[in-house]
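Asker: sequence first, predicted coordinates after that:
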Amino acid sequence: MIAEAASAKINLALHVTGRRDDGYHLLDTLVAFADIGDRLTVETAAAGAGISLEITGPFAKGLSGADDNLVLAAARTLEAVAAKRGKLVPPARLSLEKNLPVASGIGGGSADAAATLRALNRLWGLDLSAEALAELSAPLGADVPMCVVGHPLRATGIGTDLHPFAAFAGADALLVNPGVSVSTPAVFKALTARDNAGIGAVPDLSDREALIAFVATCRNDLEATAAKLAPAIADALAAVDNTAPLLTRMSGSGATVFGLYDSAEAAKRAAEAIAAEHPEWWVMPTKLMPAV
Ligand SMILES: C[C@@](CO)(OP(=O)(O)O)[C@H](O)COP(=O)(O)OP(=O)(O)OC[C@H]1O[C@@H](n2ccc(N)nc2=O)[C@H](O)[C@@H]1O
Ligand SMILES: Nc1ncnc2c1ncn2[C@@H]1O[C@H](COP(=O)(O)OP(=O)(O)O)[C@@H](O)[C@H]1O
């Protein structure tokens, strides 16, 4: 059996800089990955069994194992790539432990698709490079290539032009989701300003204080619009702000928000305080992983 982590993706900064003719938005985003996420396992199944998916975990009920699941879509994409190269791949049994809230701005579905590509690339012995996997993954979703890379990066274009950081400090963080799912297309559609300034020159981010100071100069241009569509986002931002973090912001198109702290203990204390006040929210202390 082969296991792959599907780490939560955090947009530390997300600037919307324009819109293409096909309606997709141009972005300039700083992305880090958390040490928590979903877990994907794959194993060879009996002949004739095809590709199957079972879903377990705390957020399994929000998802079906039907063909529109990004895990199955990714598996079929890779199967087709293998067939084009003349390789008939064996049936595979896939299992997804769904630990991340669905449609929540931390790329759970995209991370699952990326983990599927990495896992089946190994199971099927395809030997595709990470670059090749990232390239073939873009039709699955704009966020999938960055999740294939899985290390801190800046992404431009529609989010698929990737510039990994050679140096990037880790950070102690807290993720808070107030239990509402937000539609990414709805947030983009409701934007009133689309031609915003990009992130500009990025300094050396190898020092944690420098990283947080720089991120503080950036924005999430989707935050105000998402909070209008889902007012619980403003409640979650206020709750994190109340715990005296170094920085509070929303990730992606929401509704998950994050706080950055100067220690793991501070993030844990903040988590306890918010969970006590909002027992129905998803509250998760974590570490953002540094560049390797
Ligand atoms: C906003 C971001 C930021 O990282 O994250 P999430 O909130 O999804 O986590 C991403 O751009 C989301 O990427 P992803 O969720 O993969 O997007 P896709 O499936 O390709 O597109 C869903 C829809 O979002 C809109 N979309 C997405 C990406 C983009 N650069 N411009 C867009 O306008 C389009 O309406 C598109 O039809
Ligand atoms: N494996 C999956 N995990 C999560 N969502 C999935 C998955 N497969 C398909 N989806 C669909 O993709 C959409 C976006 O989900 P997700 O990636 O969790 O959003 P976000 O990137 O905003 O966190 C959801 O509406 C969901 O129904």
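Answerer: Perfect, thanks for sending it. Numbering: from 1, shown residues only. Ligands and ions are numbered 1, 2, ... in the order given.
Asker: let me see the ranges of the helices in the stretch 51-200 of the chain.
Answerer: 70-84, 108-123, 130-137, 144-149, 184-190 (DSSP state H, counting those that start in this stretch).
Asker: Serialize those helices to JSON lines and add fields for distance to ligand 1.
Answerer: Placement of C-beta: from N, CA and C, glycine included. Below are the helices of the stretch 51-200 of the chain laid out as JSON lines (distance: least, Cβ to the nearest ligand atom, whole Å):
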{"stretch": "helix 70-84", "distance to ligand 1": "9"}
{"stretch": "helix 108-123", "distance to ligand 1": "5"}
{"stretch": "helix 130-137", "distance to ligand 1": "10"}
{"stretch": "helix 144-149", "distance to ligand 1": "6"}
{"stretch": "helix 184-190", "distance to ligand 1": "4"}
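Asker: mind putting the ones you listed in a markdown table, distance to residue 226, mean pLDDT and mean neighbour count included?
Answerer: Output for the helices of the stretch 51-200 of the chain, formatted as a markdown table (distance: least, Cβ to Cβ, whole Å; pLDDT from 0 to 100; neighbours: other Cβ atoms under 10 Å):
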| stretch | distance to residue 226 | mean pLDDT | mean neighbour count |
| --- | --- | --- | --- |
| helix 70-84 | 21 | 97 | 19 |
| helix 108-123 | 17 | 97 | 27 |
| helix 130-137 | 25 | 97 | 18 |
| helix 144-149 | 20 | 98 | 26 |
| helix 184-190 | 5 | 97 | 15 |
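Asker: residue 44 is nearest to which of the ones you listed?
Answerer: Evaluated over the helices of the stretch 51-200 of the chain, closeness to residue 44 peaks at helix 108-123, with 6.7 Å, by Cβ to Cβ.
Asker: if we can go back for a sec, quick one, which of the helices of the stretch 51-200 of the chain gets closest to residue 90.
Answerer: helix 108-123 (8.4 Å).
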